[in-house]
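[1] heads up, no residue letters with this:
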C-alpha cells in the first residue's frame, strides 16, 4: 500500500487544525462555552500549527526545507501540547474555594504587562479548572492534547520521511 504524498498529508494536517478551530468557535458561539486563557493559548497553538501545515503543503520543499518545516511544525505543536497538558493537570487538582474567574485573555493583554499576563495564565484563574464539556470521559483540553500530539508527530514524521 502506498502512502499519500507529503503534500496531501500536510494539507490533511491543515484541514484537521481548521476543524479543531471550527469546533472551538462552535463551542464558544453556539454552545456558549466561554474559553479560559489556557483555551485561547491552545487555539493559538492549533492555528500556528495549521499555518505551518498549509505553508509546507503549498511550498513542497526540498530535503533541507522539509527539515525546517518539521521543526516549524514541532514548535507550536509542542507548545500546544504543553499548554493542554497543564490545563488537564489543573482540571485534576482539588477545587480551590478561593479560586475566582479571571478576566478574559484579550482584556488582560490590553491592560497588563505581558509578564503579568503569562503569570496569571499559568497560575490560574479558577475557570481553567472547570470541566464544562467532555466526550468519552475526557475534557476538551484532553482531546486537544491528543489531537496536537498526533498532528505534531504525524507532521514531523511526514516532513522527515523519505519517499
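    Here it is on my side, so go on. What you see is a predicted model; the values in this text were computed from it and never measured.
[2] where exactly do the strands run in the chain?
    Counting by DSSP state E, the chain has these strands, from start to end: 134-135, 138-139.
[3] And the nearest residue in space to residue 45 that is not next to it in sequence, what's its pLDDT?
    Leaving out its chain neighbours, the residue that sits closest to residue 45 by C-beta to C-beta, 6 or more residues apart in numbering is residue 80, at 2.8 Å. Backbone N, C-alpha and C define where each C-beta goes, glycine included. According to the prediction, residue 80 has pLDDT 93.
[4] what's the answer for residue 99, then?
    pLDDT, residue 99: 52.
[5] rewinding a little: lowest mean pLDDT across the strands of the chain, which one is that?
    Looking at the strands of the chain, the weakest mean confidence is strand 134-135, a mean of 66.
[6] Any stretches of the chain with poor pLDDT?
    For the chain, residues meeting the criterion pLDDT under 70 lie at 95-105, 120-129, 131, 133-135.
[7] Looking at it, which helix is longest?
    Ranked by residue count under DSSP state H, the longest helix found in the chain is helix 63-91.
[8] Report the distance from that helix to the chain centre.
    Centroid separation for helix 63-91 versus its chain: 8 Å, with C-alpha atoms, centre = their mean, to the nearest Å.
[9] From the contact counts, what lies against that helix?
    Here helix 63-91 touches helix 6-29, helix 37-59, helix 140-160, going by 3 or more C-beta pairs under 8 Å, 6 or more residues apart in numbering; DSSP states H and E.
[10] any chance of those in a markdown table, plus distance to residue 130 and mean neighbour count?
    Below are the helices and strands packed on helix 63-91 laid out as a markdown table (distance: least, C-beta to C-beta, whole Å; neighbours: other C-beta atoms under 10 Å):
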| stretch | distance to residue 130 | mean neighbour count |
| --- | --- | --- |
| helix 6-29 | 14 | 17 |
| helix 37-59 | 11 | 21 |
| helix 140-160 | 11 | 20 |
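[11] closest one to residue 84 among the ones you listed?
    Counting by C-beta to C-beta, residue 84 lies closest to helix 140-160 out of these; the figure is 3.7 Å.
[12] Run through who's touching that closest one.
    Surrounding helix 140-160, the residues in contact under the criterion C-beta atoms under 8 Å, 6 or more residues apart in numbering are 6, 9-10, 13, 16-17, 20, 27, 38-39, 42, 45-46, 49, 52-53, 56, 66-67, 69-70, 73-74, 77-78, 80-81, 84-85, 87-88, 91, 133-135, 138.
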